[in-house]
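[1] Build me a structure from this.
(3 chains)
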Amino acid sequence: MPRTLAVCYYPEKWPQTLWPEDARRMVEAGIGRVRIGEFAWARLEPEPEHLVFDWLDRAIAVLADAGLEIVLSTPTAAPPIWMLDRHPDMLALDETGRPRGFGSRRHYCFSHLGYRAEAVRMARLLGERYGMHPGVVAWQIDNEYGCHQTAMSYSAAAREGFRHWLAERYGDIRQLNEVWGNVFWSMEYRRFNEIDLPNGAVTEANPAHWLAFRHYTSDQVVAFNRAQAEVLRPLCPGRTLIHNYMGLETGFDHFTVGVDLDAASWDAYPLGMLEDRVPADTTHRHRYRRQGDPDFQAFHHDLYRAVGRGRWWVMELQPGPVNWAPYNPAPLPGMTRLWALEAFAHGAETVCWFRWRQAPFGQEQMHAGLLRPDDRPAPGLAEVRLTADDLKVLARMAPDLATVRGDVALLVDYPSLWAWEIQPQGAGFNGFTLLFEAYRALRRRSLSIDIVPTASDSLAGYRCVLALGLYTWTDAARRLLGTTDGPVLLGLRTGSKTPDFAIPSRLPPDCPDWLDIAVAFVESLRPDGGPALAGGGRIERWIETIEAGPQVETLLQTTEGAPVLLRQDRFHYLAGWPDATGFDGVLNQVIPPQPGDLPPLPTDIRTRRLGPLHVVLNYGPESVALTPWLGPRDWIIGSQILPPAGVGVFLTRRASRTGRNPSVPATSTHAGPRQTL
Amino acid sequence: MPRTLAVCYYPEKWPQTLWPEDARRMVEAGIGRVRIGEFAWARLEPEPEHLVFDWLDRAIAVLADAGLEIVLSTPTAAPPIWMLDRHPDMLALDETGRPRGFGSRRHYCFSHLGYRAEAVRMARLLGERYGMHPGVVAWQIDNEYGCHQTAMSYSAAAREGFRHWLAERYGDIRQLNEVWGNVFWSMEYRRFNEIDLPNGAVTEANPAHWLAFRHYTSDQVVAFNRAQAEVLRPLCPGRTLIHNYMGLETGFDHFTVGVDLDAASWDAYPLGMLEDRVPADTTHRHRYRRQGDPDFQAFHHDLYRAVGRGRWWVMELQPGPVNWAPYNPAPLPGMTRLWALEAFAHGAETVCWFRWRQAPFGQEQMHAGLLRPDDRPAPGLAEVRLTADDLKVLARMAPDLATVRGDVALLVDYPSLWAWEIQPQGAGFNGFTLLFEAYRALRRRSLSIDIVPTASDSLAGYRCVLALGLYTWTDAARRLLGTTDGPVLLGLRTGSKTPDFAIPSRLPPDCPDWLDIAVAFVESLRPDGGPALAGGGRIERWIETIEAGPQVETLLQTTEGAPVLLRQDRFHYLAGWPDATGFDGVLNQVIPPQPGDLPPLPTDIRTRRLGPLHVVLNYGPESVALTPWLGPRDWIIGSQILPPAGVGVFLTRRASRTGRNPSVPATSTHAGPRQTL
Amino acid sequence: MPRTLAVCYYPEKWPQTLWPEDARRMVEAGIGRVRIGEFAWARLEPEPEHLVFDWLDRAIAVLADAGLEIVLSTPTAAPPIWMLDRHPDMLALDETGRPRGFGSRRHYCFSHLGYRAEAVRMARLLGERYGMHPGVVAWQIDNEYGCHQTAMSYSAAAREGFRHWLAERYGDIRQLNEVWGNVFWSMEYRRFNEIDLPNGAVTEANPAHWLAFRHYTSDQVVAFNRAQAEVLRPLCPGRTLIHNYMGLETGFDHFTVGVDLDAASWDAYPLGMLEDRVPADTTHRHRYRRQGDPDFQAFHHDLYRAVGRGRWWVMELQPGPVNWAPYNPAPLPGMTRLWALEAFAHGAETVCWFRWRQAPFGQEQMHAGLLRPDDRPAPGLAEVRLTADDLKVLARMAPDLATVRGDVALLVDYPSLWAWEIQPQGAGFNGFTLLFEAYRALRRRSLSIDIVPTASDSLAGYRCVLALGLYTWTDAARRLLGTTDGPVLLGLRTGSKTPDFAIPSRLPPDCPDWLDIAVAFVESLRPDGGPALAGGGRIERWIETIEAGPQVETLLQTTEGAPVLLRQDRFHYLAGWPDATGFDGVLNQVIPPQPGDLPPLPTDIRTRRLGPLHVVLNYGPESVALTPWLGPRDWIIGSQILPPAGVGVFLTRRASRTGRNPSVPATSTHAGPRQTL
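    Predicted structure coming up:
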């Protein structure tokens, strides 16, 4: 499949006379696709039922005539002001009960069926008019579900919907009382319609109550999206249905939403997200302030490849400073090209910059585009052109640019992430952070990673499967892990809870006969309170006390002798949260190095296989000479000396002798060789 | 009086078939009492007026048959969902006006008379049925008044009640305007029903307004408790009426509530409270993270001994990790025994662990019990057994285990603590912290302490009386201090305000002719801003500028010459907040050492006299050899080398020569000798 | 004009029998004026329309008979409780929608026309009764507009008023949609009455929406004040109409309010404000904890001199510890005199201490007065007497004590400050802080400063004009800068936005042909993320990337070569936020030293010219010997050795040889010479 560059464009914001020249300049920059329409409802239907499509007809015509493929969005993330006349109660309510009002976007409540019908109506109108247009190749439904904490709403519609959902799920109120354990504090209900949303209780509500509400909330996002997908699919045959998700968004189950779409995409703002959501300390944020976190994008690329069942895009990519993070510096020159090429290395079909021209008005007027507000090129535009050239080089060597199957599989389960948020048990103890630190550790080993949902069919063929932090445990997850044929790493709360948030009767990890262990109790630790590991590194945040049968072997322990990594046959269990050094030791036990592995690379270097190629990225602010690690290679882009923000691509077929410089021992620590630079 | 071990049990949460075995295992562990019922309302009355007592009949029978004494609780802290149908306005409102809803517990407003009547109705039903049951030896009313900030409520019922209360207290609105000083910002009212609760004002409300509301709030807790006590007392002759208070809870006057009960108790969670309420810095929290603060439990033991007028229990004791603090580690092995023995050393009649078996569901599913959810023993159970053995040893030496009268008295006054919260005058300036730091300093001197309310009859016979931070001054308090016959230490705001929160006309400390001083003005200080003391240590947080008559002597001053400790005859005044070193210097002046005093002990060691015994506790994570401080002793439990979490008990009669090692000078600082370990 | 000392007095709080003695003691202390009445409404009109003036008649008579001039206030900042019966909807609402209730002060909403009429009614009644009274020389309208964040209100009255205001300003809703850019997220309105206040949106509202609301809010403060001024002016001929503003209050445009008054004043609480609003780090706060920030008062003196168009007072001055800051220490002895003399050095007509006698009741009972609650002198009183003596000395040398025109002009523009608050673009990036740091840098050069509004007529004659951070740009501001005839320093967002909060089409700074530059893009920086400057110092917080034409010269740049200070002819542009060292370098370029300049003085010393005099202040806690910097001088107050809190005044006519000690080079850094002390 050809890989394409794209850009987000808002014809409604610019004089029509500008459109042809904009389209021409896009094509000139190597852009092949253009996303439009996602905030245009007020212009498409300025009064209820009064539809104005002519301007969009013309915009599509102009863009298509210039040779651009169009991604058309349904504008349902930002309904016009008159929608409140029709549905005064459509607003979401925040956790304190305040309405989240008109005046920005995403003010609708996912539970409001009246608004859902309006959204479907608009999707149908657009689908009927443009579904068969030859220039329209894909449809984006809505925009950034969950952004600004909008998945959850505490409205009357949500309460009503939740009660029905509970009645359907549990059938009998006694069943709900039983599995939630409502006897605990005299919380037993007599009827489903006595159950409120869990946000108003004096102190914590029952975690089972919260988990059910999180499931319900996710189901409403799924249903909202599905309703549009179902109306669009028959109207837009052969077009890609897609949604643009966010980074570190856990408000709903993306895998379930993804089932109703053809592909996934996400909005990648590496600098903004480094400052406002990446789990990292100040030193790390300082070092990467102009490059973004070196793993955060890759994690989401792999995540959304899974959500899209192999098909995925970057729908919005940062081209310069953004406006919304605590600090908004400019990317280091070269970074927006690096980010784009990294996405392609992880299998992206399309990488789409946000936005074409910086708008001089509105909430995002300080958000850079590829053009400045005065129509002159912003720094990002030249990098788009370079990326287009790179794509041609890559396509010569690897025509379809398909990504490879990962070396290892990392399981991600949204209900477990909700459960972590509901009951962290220790300040700062967070499921996403755990998965992300495991991901970082795998990347330090230069492994390529597949993120896999627990609803998958098989995990056969992976060098290793990580099933960490799967807090709430399902039969499906257990069945899936039964399909593995290599080492499996469980642990850190995996199997801690039933799907209704209770401790399983035979104690965690409540797994089949893989592992004869029980978690006797768990402890959350002060930031400074964890024990050292016998093999180096420390335990932080969390430790579990394990009872193990005789066939269970201890692979790693604390200096005081508490087991941390246990093994029975190919199943391993991790009983504490290791720091980076500790995580490296764990992975060395579970995934022994094998011939063909790259050695640990310098701190700022990341690499991923892409068909017959290896893509190497320098996320650091200094040049890095790679020869000591990689030896001579056939470089088709870049070279062994990577400048800051530099990208190199070499043919994976190995050099005649090991690429490892004899002076760099295989066991050298991650950071070690940097000191010789 | 025999001392008993006990446990909290929830028969309604477990199959009836488990009950006999549970009872058998309790007895086997040395447990003699079991507390039940405090969250069972929904099971006792699942529909209004539909009472279901059969299960409780059986539970009581099973437990009593096993030889256990039963503490039965009224379940009024968690009324069932249907109560909201009967009394939709019974919910408390928080300071922002939001209702504190159903779904956890303590959702009722103390001012709601309708709910108060329902609580009395349930107490009567229980009393009628079980009051004369021979197995029921005590009644707990409600559960943890004030927990989760539930004493105060800003409901319509509270506003209405407050207006009546004000009318009764002040009689004439002009009187209220006068004593509150409402002329200040044109705040004068014309009628009592114009007065709102103090939570809604633009900026701070009149502190007199707040103080009245705090008094009113406390009175509602008193009235709520009294209403149940009055109905239970005649129905349950000879049984102990008791309530389980919390640690560091200042929402109401515990002494006044206590008047209506036979005994007090409190819920001691040393690790949870270390992290979520003990005033301490990070270093301290780190050192004691698995042991709990070494003074916090003792302070509350002494406090609740006073609240119970000599009779007190620990009603809930932490047996393992809890679920609700920011960090939840496991206790160091031995600690739950240490905590129990410390309670007995301070005179507890009963120490009751919370809970028997960890519940696998509900809000506290991560809270350890003596049994794990899979019914196997958790680590705490073995320590219960050890404690039972210790109790037998102690009883041999000191049959009634009565605690001794304290060496010194520390006055505690809830209205003054409210006043501190209302008008701290400096960030972090807090009345409880002051009392607690004074308590710590007294413990560094190995003195036994009595906490005493200002409503007591006499303070004669104490080596010293501390009356620090008695911000609002009453005639009763002045009269009580007149009964002293030894040194008295006033200061740090003592006598600063009239009971209606005004500065007394002749300036603080507004005392009789004990001390010819006036506080000219006060200063709150930056954390880094206090002056050094001439004798060592520094002033922190607060300093007062004193005018003194000629008969007043200055005992301590800052290096710049400002008086800090003043004396006239036996009355002393402390004019600044000293750090620990400074506090030691103050106490050395006010309470000169005398023969028989123990020397200052190592940092982690605490001791208390118990009849003819001395109980010595090692709160530290390392072993401590006590000989250099104590010399040879007759140890009946433990020995002179105390392991971490170790408890030693020796006969108080002193060894033939001073226990002090000649190499440890009597004036050695508290921390000094530790360096030689 | 003679300069006067004054005091705030509340006769309604004290027995009438005290009044004559109070008045006598005031006069004895050198006080000539007394402010009364600003919180007395409940005593003047205890029931609606029931007026009680007799006590005020007597109070005015007593004070006037003693020779005191009276400043009478309208009591409209604190209406009585019955006002809520008449106007239940008069309360302001906070940003979350909660009413800001009765019980302290400033609870009215500026948009409420019913309350505005009541305020006018009361002003008229007072004016009619006392307007011609010979003892009443000035009228204060209301009290501290905006204090406690009370300028903004989100009430129904505000929403209604805002809609009308918008309709008037924009005429056609399409015009509003157009200039606000409401197309951005489908935010286009159909009617003005669809527009809500900007506080309820899901995420940020349109900054144009916020800026309009800030303008609207400011206009309501102006209208509220004007309504009283208009009724008082004809009733009080020849009397000074005045208001007492606060420090660092940006809720409304003070210059516009000031147009309706004769003079400005402000309430100077140097210690309280150091802790609760001065932008400074902990080290700075610690050093000046008993002296106050050494520039904060001067900045506001100069600001309010501009607001009063030359005529200004200090209406409230701190005499001892206050009650409302996080920490409330006592001033270093001498400071309240220093603060008063500094005010006169900046041209104050009257300096008025707050308050005469400390009130023993109400919210401010811990706020010091000149008398203690027990009627004895507080430490401040003696300093008032000293100040009175100083004034006599000064008046001998410089009879009218008029302040001089400043060396440099610093432009201040409230709408720009609002825009900074609405869109900081970087955490901690704040317009006031920028102006204040520029002011500090000018003071390090010992320059005298005029603060100037953009609505002024001319800027001719200044050695330099600073127009930094003028975020929103108006034709008037551009026109005013065209009147300059010396160096002008623009920069740091100046000209970034149109008055409707859009980026100007030709990019910032959008100025006439003064400077051929464009701001290509801007970056907000992490606290630790800025580049070093080639000439010393660093850039912090913010940097702009500039495109410049050939006639533009770069005067300063980063070590990486990015231009930071650019110049075209006499117009300069500052493209990054320099630290203190960097700011000094910038000013040295823009304002070259000239003969007669004082050298940089020691860190704690501040100076200002006052007619033929130089006033020198020591804000430090140590003595400073000034000879190395100033050489011999004719000291008329103090001497060359200034004690802590010391004030010296010398005749400006220079000594025969340069005052600079040859060993102190002219280019020595600010802090250097201190090390030789």
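[2] Give me the domain ranges for chain A.
    A:4-151+A:221-397, A:156-210, A:408-590, A:600-677 (automatic domain parsing).
[3] nearest to chain B, of those domains?
    Smallest distance to chain B across those (CB to the nearest CB): 2.5 Å, for domain A:156-210. Heads up, the C-betas are built off the backbone N, CA and C, glycines and all.
[4] Start and end of that closest one, how far apart?
    Chord length of domain A:156-210, first to last residue, is 17 Å (CA to CA, to the nearest Å).
[5] My read is that residue A:64 contacts residue A:58, right?
    No: contact between residue A:64 and residue A:58 fails when scored by CB atoms under 8 Å: they sit 10.8 Å apart.
[6] re the thing from before, so can I have JSON lines of the domains of chain A showing distance to residue B:138?
    Below are those laid out as JSON lines (distance: least, CB to CB, whole Å):
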{"stretch": "domain A:4-151+A:221-397", "distance to residue B:138": "41"}
{"stretch": "domain A:156-210", "distance to residue B:138": "21"}
{"stretch": "domain A:408-590", "distance to residue B:138": "31"}
{"stretch": "domain A:600-677", "distance to residue B:138": "62"}
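[7] And those: which comes nearest residue B:557?
    For these, the distance to residue B:557 is smallest for domain A:408-590, at 38.7 Å, taking CB to CB.
[8] if we can go back for a sec, can I get the domains of chain A in TSV including mean neighbour count and mean pLDDT?
    Below are the domains of chain A laid out as TSV (neighbours: other CB atoms under 10 Å in any protein chain shown; pLDDT from 0 to 100):
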stretch	mean neighbour count	mean pLDDT
domain A:4-151+A:221-397	21	97
domain A:156-210	20	98
domain A:408-590	20	96
domain A:600-677	17	77
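[9] Those domains into JSON lines, with extra columns for distance to chain B?
    Formatted as JSON lines, the domains of chain A follow (distance: least, CB to the nearest CB, whole Å):
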{"stretch": "domain A:4-151+A:221-397", "distance to chain B": "7"}
{"stretch": "domain A:156-210", "distance to chain B": "2"}
{"stretch": "domain A:408-590", "distance to chain B": "4"}
{"stretch": "domain A:600-677", "distance to chain B": "27"}
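[10] quick one: which of those is nearest residue C:132?
    With distances scored as CB to CB, the stretch of these nearest to residue C:132 is domain A:4-151+A:221-397 (51.6 Å).
[11] distance between the closest one and the chain's centre?
    How far domain A:4-151+A:221-397 lies from its chain's middle: 15 Å, per CA atoms, centre = their mean, to the nearest Å.
[12] And that domain, end to end?
    Terminal-residue distance, domain A:4-151+A:221-397 (CA to CA): 16 Å.
[13] Could you do stretch A:280-295 as well?
    11 Å.
[14] right, is it up against chain C?
    Yes: judged by CB under 8 Å from any CB of the partner chain, stretch A:280-295 and chain C are in contact via A:282, A:285-286, A:289.
[15] between these, which is nearest residue C:277?
    The nearest member of the residues of stretch A:280-295 next to chain C to residue C:277, counting by CB to CB, is residue A:282 at 26.3 Å.
[16] circling back to that earlier point, among the residues of stretch A:280-295 next to chain C, which ones are in helices?
    A:282, A:285-286 (DSSP state H).
[17] closest to residue B:243 among these?
    Once CB to CB is applied, the member of these that ends up nearest residue B:243 is residue A:282, at 47.5 Å.
[18] Sticking with the residue in the stretch 501-650 of chain A that chain C sits nearest to, tell me its helix or strand.
    Residue of the stretch 501-650 of chain A nearest chain C, by CB to the nearest CB: residue A:621 (11.5 Å). Remark: residue A:621 resides in no helix or strand, with elements defined by DSSP states H and E.
[19] Let me know the helix or strand that the closest residue to it other than its chain neighbours is in.
    What sits nearest to residue A:621 in space, not counting adjacent residues and going by CB to CB, 6 or more residues apart in numbering or on different chains, is residue A:644, at 5.1 Å. According to DSSP H and E, residue A:644 maps onto no helix or strand at all.
[20] doesn't residue A:620 make contact with residue A:644?
    Yes: taking CB under 8 Å as the definition, residue A:644 is a contact partner of residue A:620 at 6.3 Å.
[21] Now the common contact residues for the two.
    Here residue A:644 and residue A:620 have residue A:291 as joint contacts, going by CB atoms under 8 Å, 6 or more residues apart in numbering or on different chains.
[22] Just say helix, strand or coil for residue A:267.
    Per DSSP: H, G, I helix; E, B strand; the rest coil, the secondary structure class of residue A:267 is strand.
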